[in-house]
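**Q** Okay, here's the prediction I keep looking at, along with the sequence it came from:
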Amino acid sequence: MPRARNLSGGAWLLADMGLNIWALSIVKAAGPDMAATQLVFLRAATGLLLMLPWIWVARHRFAQARAPGLHVLRIALSTVALTCSFHAVARLPFALFTVVNFTRPLMLIALAALFLREPATPRRWAAAVLGLGGVLLAVRPTGPSADPALLVLGLAVLAGTAAIVVTRRINDQPSLVLMTSYTAGLGIATLPLAWASWTPVPPQTWPVLLAIGLFAQAAQFCFLQAHRRAEAGILAILGYSSLILSTAVGWAVFDEVPNAAFWAGAGLIVLASWTARRPVGLGPPAPFR
């Protein structure tokens, strides 16, 4: 029975990664010609529309909501993280975007120690230093000067990690409350900026853009199903295959071929991330969405 559940959970996780990568692929293709805030707003609006039946059926759950200030802070951080992620993925190689996101567990070590007072062992700090070295090696192929999109991606990772820390303070509330506040909050926060920078969308392009929200929301469902079925250690190992998937899509769709220096840096980041997270049996996070 455990073997069957692990296989089932692994299949759900692969579906999660595939859906998320295709959502980001649409963002990457549309991003250079469209403001990131417009794409985030469309993603949020589509996701909220898909959630409406669940919101109506389980509306009594909202009576258990609390700590509105933390919800607002989470929404603000998530808005920064997702907007910066959408901006960066449109301007960086897909594989590089993915591997930099693998540093989020390392950044979580410092933030959790500062704000959640969770102890960080010397081995975890050593892993963080190793991961930083991997990042410097992986981004070196972009040239001697820092790509502005890399700086934006760094801000996305920082804001996304901070949002995770805030979420851990309120994660005893119903999933419906957390998902609805996140999705609706993204839409409300990005609406003014999206309106100010709105790019007209041809009718034939609307289904493609709305698919961002569809794929992202479906990916979240698959992610939850995976973690309800499989052991965390199994998912941890399988989670690193997202780098293979993103590299394959980058090569096949966007003609991006990473060089040897990138792979060496990616290897250090994966090793550092695995070392830092092994005690709790968690795998690398997907790009913030």
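**A** Happy to help now that I have it.
**Q** what's downstream of the worst-scoring helix or strand of the chain on mean pLDDT, the next helix or strand?
**A** One helix or strand of the chain scores below all others by mean pLDDT, DSSP states H and E: helix 232-239, with a mean of 64. Heading C-terminal from helix 232-239, the first helix or strand you meet, by DSSP states H and E, is helix 241-254.
**Q** Could you check how far that next one is from the centre of its chain?
**A** Distance, stretch centre to chain centre, for helix 241-254: 16 Å (CA atoms, centre = their mean, to the nearest Å).
**Q** Same question for stretch 47-55.
**A** Remark: stretch 47-55 is offset 20 Å from the chain centroid, using CA atoms, centre = their mean.
**Q** and that stretch, average pLDDT?
**A** Mean per-residue pLDDT for stretch 47-55: 89.
**Q** Please point out which parts of it sit buried.
**A** Buried residues in stretch 47-55, counted by 16 or more other CB atoms under 10 Å: Gly47, Leu48, Leu50, Met51, Ile55. The C-beta positions use only the backbone N, C-alpha and C, and glycine is treated the same way.
**Q** Run through who's touching it.
**A** Leu176, Met179, Thr180, Thr183, Ala184, Gly187, Gly213, Leu214, Ala216, Gln217 (CB atoms under 8 Å, 6 or more residues apart in numbering).
**Q** could you pull out the strands for the stretch 101-250 of the chain?
**A** Using DSSP state E, counting those that start in this stretch, no strands are found in the stretch 101-250 of the chain.
**Q** tell me the average confidence for stretch 20-40?
**A** 88.
**Q** how much distance is there from stretch 4-13 to the middle of the chain?
**A** 21 Å.
**Q** Next, the buried residues of it.
**A** Asn6, Gly9, Gly10, Ala11, Trp12, Leu13.
**Q** For Pro192, the count of nearby residues, please.
**A** 11 (other CB atoms under 10 Å).
**Q** Please apply the same query to Arg43.
**A** 29.
**Q** rewinding a little: looking at the buried residues of stretch 4-13, which gets the smallest pLDDT?
**A** The lowest pLDDT within those belongs to Asn6, with 72.
**Q** That one sits in which helix or strand?
**A** In this assignment (DSSP H and E), Asn6 forms part of helix 2-30.
**Q** Any idea how far that helix is from the middle of the chain?
**A** Centre to centre, stretch against its chain (CA atoms, centre = their mean), the figure for helix 2-30 is 12 Å.
**Q** Report the angle between that helix and helix 241-254.
**A** Per axes from the mean of the first three to the mean of the last three CA atoms, to 10 degrees, the angle that helix 2-30 makes with helix 241-254 is 30 degrees.
**Q** Spit out the contact partners of Leu39.
**A** Leu39 neighbours (CB under 8 Å, 6+ apart): Val27, Ala30, Gly31, Phe86, Leu209, Ile212.
**Q** ok, of those residues, which one's closest to Val165?
**A** Val165 lies nearest to Phe86 out of those, by CB to CB, at 21.8 Å.
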